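Engineer: return atomic coordinates for the entry below.
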Amino acid sequence: MDAAGWDVEETVRELRQYFKTGETKSVTWRKNQLTAVLDLVHEKEDAIFKALHQDLGKHHVEAYRDEVGGVVKSATKSLSCVEKWMTPKKTDIPLLFFPAKGEVLSEPLGVVLIFSSWNFPIMLTLDPLIGAISAGNVVVIKPSEQAPACSSFLANTIPQYLDSKAIKVIEGGTDICELLLRQKWDKIFFTGSPRVASVVMSAAARNLTPVTLELGGKCPAILDSLPNPSEFKFAVKRIVGGKWGPCSGQACIGVDYLLVEEKLSSSLIELLRKIIRIFYGQNPVESKVISRIINKHHFERLCNLLKDPLVEASIVHGGSVDEENLFIEPTILLDPPLDSLVMTEEIFGPLLPIITLNKIQESIGFINARPKPLAIYAFTKDETFKRKILSETSSGSVIFNDTLVQFLCDTLPFGGVGQSGFGRYHGKYSFDTFSHEKAVMHRKLFLEIEPRYPPWDKFKLEFIKLAYKLNYVGLLLHILGSKLGLKRYN
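Structural biologist: All right, here's what the predicted structure looks like:
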C-alpha cells in the first residue's frame with residue numbers, strides 16, 4: 001500500500017490493539033509466520049530474482065547467495081529454536097535472598113517499525129522481520145523506494161503469506177518516512193546511512209523509543225605478508241569477492257579500502273587484475289555477473305569521486321563508466337590523496353583504493369585515525385599482530401583471513417559501533433533485539449531479616465554491611481562463629 005491509501009495513525013492504533021489481544025505471543029503464531037516466510041521465498045523465488053535484477057542487475061546466483069539463501073537460513077534457524085528462546089531462563093539467585101528463585105522472561109516489545117535498505121532489499125527486510133515475529137511483535141515495514149521493483153514485490157506479496165493484522169508493508173518516499181517517524185513505536189530498526197540514521201534517532205528520542213541502527217562506514221582490509229603463493233592468492237581472491245562480489249561494492253560490509261606494505265603493491269595489483277578478469281571477464285559490463293549502480297544519483301556520485309585529477313591519476317586498473325547502463329568497471333586506485341573524497345567518504349561502489357605503508361603494523365594507527373568501521377578484514381598469520389588488532393582497534397566485527405562471511409554466521413552478533421551503528425541481530429541476537437528481558441523474582445513469605453527495616457541502629461548497620469560483603473551462608477557462619485567464640489569468618 002502506498003502513502004495515499006494509508007492512514008498512518010489508524011494503522012498503528014489497529015496494530016497496537018491487535019498486539020493487546022496476545023495473539024502474536026503464542027508459539028503457534030510465531031511458528032506459523034516463520035513457516036510463511038519460508039513458503040514465500042520458496043514459492044516466489046523467480047519473482048524475487050526478477051525484482052532484484054530489475055532494480056540492481058543482480059545475477060540470480062548472487063541473488064540467492066546474498067538474499068534468498070540468507071532468508072531461508074535465518075527463518076529455518078528461528079523456526080527450530082523459537083520455542084526454546086521463548087522459554088523463561090532460570091537464573092542463579094545469591095543465597096542472601098533465600099528462600100527465592102529467579103528467572104528471565106523474554107517478552108515482545110510491541111509495535112515495531114523496520115526501515116530496510118535498497119542494496120539487499122529482500123534480505124534486509126525479511127531478516128529483521130524474522131527476528132521481530134520470532135519475538136512476538138507486530139510490525140510495520142518500510143521498504144526502500146530506491147529499489148522500486150523489490151518494494152512493490154514486498155508490498156504485494158507479504159500480505160498473501162503473513163498475518164495482515166500484525167504485519168503491514170507501506171511504500172513511499174521521504175513523505176511517508178516523516179509520517180511514520182511522528183508515531184510512537186516500541187522499537188525502530190533502521191538499515192541505511194548515518195545521515196538518515198540521525199534523523200531517525202532524533203525522532204525516536206521524542207518518545208524514548210529504542211533503536212537499532214545498522215549503518216556502514218569505510219571497512220578496511222589489511223593484507224600482511226604471506227610468503228606462501230597459494231595463501232596470497234586465496235587472500236586476494238577473497239578481497240576481490242569482498243569488494244566487488246556483493247552488489248558491485250554497494251554493501252555496508254564490503255571492503256572499502258586496502259592497506260598493504262609498499263613492497264607488496266606491484267604483485268598485489270597484478271594478481272587483483274588477474275582475478276578480476278577471471279571473475280568478470282575482459283569486459284565486465286558484458287559479463288552479466290556484476291550488479292549495476294542503483295540509480296543515476298549514486299552513479300554520478302561515484303563518477304565525481306574519480307573526477308579529482310589527483311584521484312584520476314591514481315587509477316591503475318579500470319575506470320571506465322557506462323552511463324546508459326549505470327555501470328562502473330571494477331577500478332583500482334593506488335595511493336589516492338588521503339584528503340580526497342574517495343578516502344574520506346564511504347565509497348559504496350566498485351572503487352578500491354590501495355594505501356601503501358612502510359610496515360603493516362602502521363595499519364592500526366591508520367584505522368584508528370578514522371571513524372570506527374563496521375568490519376575490519378585482516379589477512380595475516382601473525383598471532384601477535386592479530387592480538388594487537390583486536391586489542392587496539394574498535395569495530396563492529398573483526399574477520400581474519402576472509403571477508404563478508406560474518407554476516408551469514410547466526411551464532412555471532414552482527415552490528416556496528418560508533419558511526420557504523422549500534423545494536424545487533426542475527427539468530428538468537430535478532431530475537432533478543434526485538435524482546436524485553438523481564439527480570440522475575442519469586443520469594444516466600446517467611447524467614448524475615450529484620451535488620452533491613454528501621455528504626456536504625458549500629459547493629460543493623462553492621463549487619464547490612466556484612467550482608468553485602470558475604471553471601472547468606474557466609475553470614476550465618478559468621479554469626480555462628482561469633483556465638484561460639486570462633487575467629488571472624490571472611
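Engineer: quick one, what contacts residue 280?
Structural biologist: Contacts of residue 280 were listed using C-beta atoms under 8 Å, 6 or more residues apart in numbering, and they are 244, 287, 289, 290, 330. Backbone N, C-alpha and C define where each C-beta goes, glycine included.
Engineer: ok, the second one - contacts?
Structural biologist: Under the criterion of C-beta under 8 Å, 6+ apart, the contact partners of residue 287 comprise 280, 281.
Engineer: ok, and the closest non-adjacent residue to the residue nearest to the spatial centre of the chain?
Structural biologist: The residue lying closest to the centre of the chain (C-alpha atoms, centre = their mean) is residue 415, at 3.9 Å. Leaving out its chain neighbours, the residue that sits closest to residue 415 by C-beta to C-beta, 6 or more residues apart in numbering is residue 424, at 3.6 Å.
Engineer: residues contacting the one you found?
Structural biologist: Per C-beta under 8 Å, 6+ apart, neighbours of residue 424: 212, 413, 414, 415, 433.
Engineer: give me the pLDDT for the last one.
Structural biologist: Meaning residue 433. For residue 433, the pLDDT comes out at 98.
Engineer: separation between it and residue 210?
Structural biologist: Separation of residue 433 from residue 210 (C-beta to C-beta, to the nearest Å) stands at 9 Å.
Engineer: identify the contacts common to those two.
Structural biologist: residue 187.
Engineer: residues in contact with residue 292?
Structural biologist: 56, 57, 248, 325, 326, 327.
Engineer: what does residue 248 give?
Structural biologist: Taking C-beta under 8 Å, 6+ apart, one finds 290, 291, 292, 293, 328, 349, 350 in contact with residue 248.
Engineer: apart from its neighbours in sequence, what residue is nearest the third one?
Structural biologist: Nearest-residue entry for residue 292: residue 57, 4.0 Å, with adjacent residues in sequence omitted and distances by C-beta to C-beta, 6+ apart.
Engineer: circling back: I'd like the contacts of residue 248 laid out as CSV, including secondary structure.
Structural biologist: Below are those laid out as CSV (DSSP: H, G, I helix; E, B strand; the rest coil):
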residue, secondary structure
290, coil
291, coil
292, coil
293, coil
328, strand
349, coil
350, coil
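Engineer: so where do the strands sit in the stretch 1-150 of the chain?
Structural biologist: All strands of the stretch 1-150 of the chain, identified by DSSP state E, counting those that start in this stretch, fall at 89-91, 100-108, 111-115, 138-142.
Engineer: contacts for the third one?
Structural biologist: By C-beta under 8 Å, 6+ apart, the surrounding residues in contact with strand 111-115 are 12, 15-16, 19, 125, 128-129, 132, 137-142, 144, 177, 180, 183, 185-192, 200, 434.
Engineer: whichever of these end up buried, select them in PyMOL.
Structural biologist: To isolate the buried ones among the contacts of strand 111-115 in PyMOL, judged by 16 or more other C-beta atoms under 10 Å, type:
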select buried, resi 12+15+19+125+128+129+132+137+138+139+140+141+142+144+177+180+183+185+186+187+188+189+190+191+192+200+434
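Engineer: tell me the pLDDT at residue 298?
Structural biologist: So, for residue 298, pLDDT stands at 97.
Engineer: likewise the one 10 residues further on?
Structural biologist: Turning to residue 308, the model gives it a pLDDT of 90.
Engineer: quick one: it and residue 343 touch, right?
Structural biologist: No. Counting by C-beta atoms under 8 Å, residue 308 stays clear of residue 343, with 10.4 Å between them.
Engineer: ok, back up a step: make a markdown table out of the contacts of residue 292 and add distance to residue 451.
Structural biologist: As requested, the contacts of residue 292 are exported to a markdown table (distance: C-beta to C-beta, whole Å):
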| residue | distance to residue 451 |
| --- | --- |
| 56 | 68 |
| 57 | 73 |
| 248 | 69 |
| 325 | 79 |
| 326 | 75 |
| 327 | 77 |
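Engineer: pLDDT and distance to residue 372 added to those residues, as a markdown table?
Structural biologist: Listed next are the contacts of residue 292 as a markdown table, based on pLDDT from 0 to 100; distance: C-beta to C-beta, whole Å:
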| residue | pLDDT | distance to residue 372 |
| --- | --- | --- |
| 56 | 97 | 28 |
| 57 | 96 | 32 |
| 248 | 95 | 25 |
| 325 | 94 | 35 |
| 326 | 96 | 31 |
| 327 | 95 | 32 |
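Engineer: wait, which of those residues is closest to residue 356?
Structural biologist: residue 248 (25.0 Å; C-beta to C-beta).
Engineer: please name the nearest non-neighbouring residue to the closest one.
Structural biologist: Residue 248 sits nearest to residue 291 (C-beta to C-beta, 6+ apart), 4.2 Å away.
Engineer: related to what we said a few turns ago, what subset of the contacts of residue 280 is buried?
Structural biologist: Buried among the contacts of residue 280 (16+ other C-beta under 10 Å): 244, 290, 330.
Engineer: lowest-confidence entry in these?
Structural biologist: For the buried ones among the contacts of residue 280, the pLDDT minimum is residue 290, 92.
Engineer: that one touches residue 276, doesn't it?
Structural biologist: No. Between residue 290 and residue 276 there is no contact under C-beta under 8 Å: 9.8 Å.
Engineer: anything in contact with each of these two?
Structural biologist: By C-beta under 8 Å, 6+ apart, the residues touching both residue 290 and residue 276 are 244, 284, 330.
Engineer: I figured the first one was touching residue 351, is that so?
Structural biologist: No. Assessed by C-beta under 8 Å, residue 244 is found out of contact with residue 351, at 9.9 Å.
Engineer: tell me the mean pLDDT for stretch 160-179?
Structural biologist: 96.
Engineer: what's the end-to-end length of that stretch?
Structural biologist: Terminal residues of stretch 160-179 are spaced 25 Å apart (C-alpha to C-alpha, to the nearest Å).
Engineer: can you check stretch 178-190 too?
Structural biologist: First-to-last distance for stretch 178-190 - C-alpha to C-alpha - comes to 14 Å.
Engineer: next, the angle strand 138-142 makes with the helix or strand where residue 154 lies.
Structural biologist: Using DSSP states H and E, residue 154 maps to helix 148-161. Relative orientation of helix 148-161 and strand 138-142, computed by axes from the mean of the first three to the mean of the last three C-alpha atoms, to 10 degrees: 160 degrees.
Engineer: quick check: residue 185 vs residue 423, distance?
Structural biologist: 14 Å.
Engineer: same check on residue 138?
Structural biologist: Distance from residue 138 to residue 423, by C-beta to C-beta: 20 Å.
Engineer: same check on residue 31?
Structural biologist: Taking C-beta to C-beta, one finds residue 31 at 25 Å from residue 423.
Engineer: got it, and residue 351?
Structural biologist: 29 Å.
Engineer: neighbour count winner among these two?
Structural biologist: residue 351 (26 against 18; other C-beta atoms under 10 Å).
Engineer: skipping its backbone neighbours, what lies nearest the more buried one in space?
Structural biologist: residue 331 (4.8 Å).
Engineer: can you check residue 452 too?
Structural biologist: Using C-beta to C-beta, 6+ apart, the closest residue to residue 452 is residue 464 (7.3 Å).
Engineer: so which elements touch whichever helix or strand the one you found is part of?
Structural biologist: Using DSSP H and E, residue 464 sits within helix 458-469. The contact analysis (3 or more C-beta pairs under 8 Å, 6 or more residues apart in numbering; DSSP states H and E) places helix 458-469 against helix 472-484.
Engineer: all good on my end, thank you.
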